[in-house]
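S.K.: just coords:
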């Protein structure tokens, strides 16, 4: 027993020496926890957790305790109908303890104070690296096939799922999309005005970064762009926002009465942007709590009840189809088909980066960076999946490795964002005869870095130079794309 | 059980068919279909059952020599993280401590030496975690 205890401690100590997190980073109401400090009290760090977990499982202690206590409580409550069919609380404990026995370098524990009454606090464990967990599958199976419609960017899978495999053991196969390229129209809208908007200096460029996205003028511009899109695109238009909170913010701004005297609104000043959108399409928006099935049903009904909307949209006063405001990574972005008339145009607003300031993402990025440095500085394998130097064979010094590792971490973060974007875009084209337009609104979609992370079939459908052609270019492009198509 | 297995393996049933076969033969289709796993050539299963070693072992899923196909694999990394994620609240720890107390009060004397020791250790772990969380809740993180 004691021997085991020493082993366990030794492991923790080792992790402590390597790991950061000896000082928990306090950040208001959440932060990272040093796993060692959790079990300091009562000499609990002397306990062999593996053995303890096994004991609880083998002895079925959780059920025994739970059933006895609930029996006892029922007795005391004299049958006041207290039901206790929840998971035994000791099971929750066991899962958490099992997480503690994972390598401390591969995971992080966070604490978060909960805004409940009475106040409560939660510990959560996050596995940072899937490598170890996945390796049991990779090493056992004869072959592992990862299949998916939106697997690019693929480098992440290589780096995080099977870094131990050499390049020649991995085969990638990418097929073109089933649709002919004439069925796809991809446009990057960097700004409403034409011209070189690729630079950050352009003041009226669309950039929905966290710092800039609340700019009222830009939100208004976005509304006008959608209004224009809705007048040419028949049937369904689906817009993906980076988050629920931003969607709420934008809708609130659109619903507020117009205050500006812009030339384009002066003749319709009494109507809000929201009203004007509603005049073009039936509006739907995804909400965090709401039922997605219901919204989807209503949205489909609105589109199909409109009859052949492609005829109606020729009539400028007629309302044709529906507009669905949705969220990337939300309930409607995965597994749902916006095929045919349900999605003739998919609009992606901004780049949905995860919150880099959350403790989880901080820890993840730090982990990826540390792991990359370790890989680059070790002499064994210096294969890097980042920018270039695939041929170099010597180990790098720490100084040389650092910028590369930063790049790897940045790619990891960007890839997470782009996977979500690609998944959302992929909703629109669902079969061979389908056709749809994709409009990416943000100047950053025009950069090579981001563009390189879009799936090949999207890149091929991209209208060249679209990011410099502004709204007028988009409108004429959309116009000719949809002209002559129906149903 | 065997009849269920053979029936199921002889045809290509979907989940509703399994339910019907189970009902006809008066066996639980979930447990009975486990019997059919060794004989099956293609086994489909949800992510969590594939990704956790313990779940694979419990189901008798052997990967050795087999081909694993993961569809919708863009989710795989998140799925792995989710399967291995765990969380616990202070309120749950308090409840666990309370329940252990009740349990030990009643059965403590009846427990054999080793059992008593292990249950005491569970208690210590719970207390230690609670202590940390209590301190953190009151603003000080050690």
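M.R.: Received it, and whenever you're ready, just let me know what you need. Computed from a predicted model, the values in this text were never measured in an experiment.

S.K.: Any idea which residue is closest to the centre of chain B?
M.R.: Centroid-nearest residue in chain B, with CA atoms, centre = their mean: residue B:55, separated by 6.4 Å.

S.K.: can I assume it is in contact with residue B:49?
M.R.: Yes - counting by CB atoms under 8 Å, residue B:55 does reach residue B:49; the two are 4.7 Å apart. All C-beta spots, glycine's among them, are computed from the backbone N, C-alpha and C.

S.K.: who touches both of the two?
M.R.: By the contact definition CB atoms under 8 Å, 6 or more residues apart in numbering or on different chains, residue B:55 and residue B:49 are jointly contacted by residue B:61.

S.K.: what does the model give residue A:135 for pLDDT?
M.R.: In this prediction, residue A:135 carries a pLDDT score of 89.

S.K.: That should have said residue A:302, apologies.
M.R.: Confidence score, pLDDT, at residue A:302: 88.

S.K.: Compute the number of surrounding residues for it.
M.R.: 21 (other CB atoms under 10 Å in any protein chain shown).

S.K.: contacting residues for it?
M.R.: A:282, A:284, A:321, A:322.

S.K.: How is the nearest residue to the third one once chain neighbours are set aside assigned, secondary-structure-wise?
M.R.: With CB to CB, 6 or more residues apart in numbering or on different chains as the measure, residue A:235 is the residue that lies nearest to residue A:321, at 4.0 Å, once sequence neighbours are left out. Under DSSP: H, G, I helix; E, B strand; the rest coil, residue A:235 falls in the coil class.

S.K.: Just to check, residue A:235 is in contact with residue A:324?
M.R.: No - checked against CB under 8 Å, the pair residue A:235 and residue A:324 is beyond contact range at 11.2 Å.

S.K.: Mind checking which of these two has more residues around it?
M.R.: residue A:324 (28 against 25).

S.K.: Helix or strand: which one has that one?
M.R.: Following DSSP states H and E, one finds residue A:324 within strand A:322-327.

S.K.: Can you spell out which helices and strands pack onto that strand?
M.R.: Contacts defined by 3 or more CB pairs under 8 Å, 6 or more residues apart in numbering or on different chains; DSSP states H and E place strand A:322-327 against strand A:237-241, helix A:244-255, strand A:282-285, helix A:292-305.

S.K.: Out of the ones you listed, which is the most enclosed?
M.R.: strand A:237-241 (a mean of 27; mean count of other CB atoms under 10 Å in any protein chain shown).

S.K.: how about that one, does it reach chain B?
M.R.: No - residues of strand A:237-241 are not located near chain B by CB under 8 Å from any CB of the partner chain, the shortest gap being 15.8 Å.

S.K.: Can you tell me what sits against that strand?
M.R.: Under CB under 8 Å, 6+ apart, the answer for strand A:237-241 is A:226, A:229-230, A:247, A:250, A:281, A:321-328, A:332-333, A:338, A:342-350, A:352, A:421, A:424, A:427-428.

S.K.: Same question for stretch A:146-163.
M.R.: A:129-131, A:134-135, A:138, A:170, A:172, A:174, A:368, A:375, A:385, A:408, A:411-412, A:415, A:418-419, A:422-423, A:425-426, A:452-456, B:69-74, B:76-77.

S.K.: So which of those sit within strands?
M.R.: Cross-referencing those against strands under DSSP state E gives B:69, B:70.

S.K.: Would you mind giving me the PyMOL syntax to select the buried ones in the contacts of stretch A:146-163?
M.R.: The buried residues among these can be selected in PyMOL (16 or more other CB atoms under 10 Å in any protein chain shown) with this line:
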select buried, (chain A and resi 129+130+131+134+138+368+375+385+408+411+412+415+418+419+422+423+425+426+453+454+455) or (chain B and resi 70+72+73+74+76+77)
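
S.K.: circling back: wait, which of the contacts of residue A:302 is closest to chain B?
M.R.: residue A:284 (25.4 Å; CB to the nearest CB).

S.K.: Quick check: what element follows the helix or strand in which residue A:97 is found along the chain?
M.R.: Applying DSSP H and E as the criterion places residue A:97 in helix A:89-100. Note on helix A:89-100: by DSSP H and E, the next helix or strand toward the C-terminus is strand A:107-114.

S.K.: low-scoring stretches of chain B, by residue?
M.R.: By pLDDT under 70, the low-scoring segments of chain B are B:140-142.

S.K.: For it, just list every one of the strands.
M.R.: Going by DSSP E, chain B shows strands at B:67-70, B:86-89.

S.K.: As a markdown table, the ones you listed with distance to residue B:36 would be great.
M.R.: Converted to a markdown table, the strands of chain B look like this (distance: least, CB to CB, whole Å):
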| stretch | distance to residue B:36 |
| --- | --- |
| strand B:67-70 | 19 |
| strand B:86-89 | 32 |
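
S.K.: Name the stretch among those strands that sits most buried.
M.R.: Taking mean count of other CB under 10 Å, strand B:86-89 is the most buried of those, at a mean of 21.
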